[in-house]
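Participant: Mind looking at a prediction? Sequence and model below.
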Amino acid sequence: MRPVTTIPWAKYRGLARKLVNETRVGLLRFASDGVRSALAARRETNVRLTAVVSMLVIGFYVGAKSVADTGYEFRGPVTEADLKMFRGSKFSDGVLVHIDDVKPARMSAKDGWSITDFRIPIGRHNGSPTTLFWAKFMPGAVHKKHRHDNCDEIYYIVRGHGLAGAGPDRAEVRGGHVHYIPKGVEHFLHNLSKTEPLEAIGIYIGAGSVEETGYVYTGDVTAADIKARTA
């Protein structure tokens with residue numbers, strides 16, 4: 001049976017603070033109590049934390065088919081005392097990491113990894129059984145055709161304009177699109193823009209590394225693929 005995952009999408013308005021750690025663009029967290037979740041935050045306006053900002057939080061409840069299925073329990077309001085607590089750089093439960101502190105992964109172009117910048121902030125290496133990745137495609141960059149025989153994949157397009165392929169289907173994607181790919185399905189992602197980057201955040205469900213996904217490179221993205229649209 002494939003793992004069930006729920007994707008919560010939330011936009012917050014107000015002070016961009018989260019309990020004992022201030023959030024900033026590129027912050028990611030893995031929480032391991034109960035149902036595991038991975039969160040990614042980006043601030044949409046270039047405003048200091050002391051001002052009103054709009055913040056988008058992208059998350060994944062791995063192994064839960066709904067919020068109710070996570071075992072969610074309301075534990076009370078966030079108080080002024082919470083906001084004034086000491087702010088550390090780490091959490092004692094789970095993992096907190098900023099994308100700028102993660103080195104780009106060395107992926108082989110021979111295996112279809114023609115991605116400009118690919119990073120793995122959360123995975124088996126820091127205690128998570130699910131991998132969370134961040135990928136940037138500059139104009140013309142592509143992750144060529146491949147499949148994952150051991151896991152499903154979900155990714156969220158943060159910004160940009162690209163072409164996603166899965167099996168026989170081809171569809172244009174933009175910021176706000178979410179793509180679920182069952183294990184064993186051939187897929188690819190190509191940046192269609194000539195001027196802007198394509199940025200995506202995603203997870204390999206139940207696989208702690210790229211190797212654990214059962215990655216198989218299956219071929220180039222052709223001119224015919226780029227011209228095709230089925231959805």
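Facilitator: Perfect, I can see it now. Numbers count the residues shown, from 1 in each chain.
Participant: tell me the contacts of I157?
Facilitator: Shown in contact with I157 (C-beta atoms under 8 Å, 6 or more residues apart in numbering): 173-179, 198-200. Placement of C-beta: from N, CA and C, glycine included.
Participant: same thing with R147?
Facilitator: Applying C-beta under 8 Å, 6+ apart, we find R147 in contact with 183-187, 214-216, 218.
Participant: which one's the longest strand in this protein?
Facilitator: Across the chain, the longest stretch assigned as strand under DSSP state E is strand 53-62.
Participant: Remind me what that one packs against, helices and strands.
Facilitator: strand 5-6, strand 9-14, strand 37-43, strand 153-159, strand 198-204 (3 or more C-beta pairs under 8 Å, 6 or more residues apart in numbering; DSSP states H and E).
Participant: neighbouring strands for it, and are they parallel or not?
Facilitator: Here strand 53-62 is paired, per DSSP bridges, with strand 5-6 (antiparallel), strand 9-14 (antiparallel), strand 37-43 (antiparallel).
Participant: centre of the chain versus the next helix or strand after it, how much separation?
Facilitator: Once the chain leaves strand 53-62, the next helix or strand it forms, by DSSP states H and E, is helix 80-84. On the basis of C-alpha atoms, centre = their mean, to the nearest Å, helix 80-84 sits 30 Å off its chain's mean C-alpha point.
Participant: Show me what the helix or strand following helix 80-84 pairs with in its sheet, parallel or antiparallel.
Facilitator: Downstream of helix 80-84, the next assigned helix or strand under DSSP H and E is strand 95-98. Paired neighbours of strand 95-98 in the sheet (DSSP bridges): strand 27-31 (antiparallel).
Participant: Could you check how sure the model is about the strand it pairs with, as an average pLDDT?
Facilitator: For strand 27-31, mean pLDDT is 60.
Participant: So what touches stretch 223-231?
Facilitator: Under the contact criterion C-beta under 8 Å, 6+ apart, stretch 223-231 has outside partners 163, 165, 168-172, 188, 190, 192.
Participant: Now tabulate those in TSV and tack on distance to E153 and secondary structure.
Facilitator: Shown next, in TSV, are the contacts of stretch 223-231 (distance: C-beta to C-beta, whole Å; DSSP: H, G, I helix; E, B strand; the rest coil):
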residue	distance to E153	secondary structure
L163	17	strand
G165	13	strand
P168	18	coil
D169	15	strand
R170	17	strand
A171	16	strand
E172	19	strand
F188	12	strand
H190	16	strand
L192	20	coil
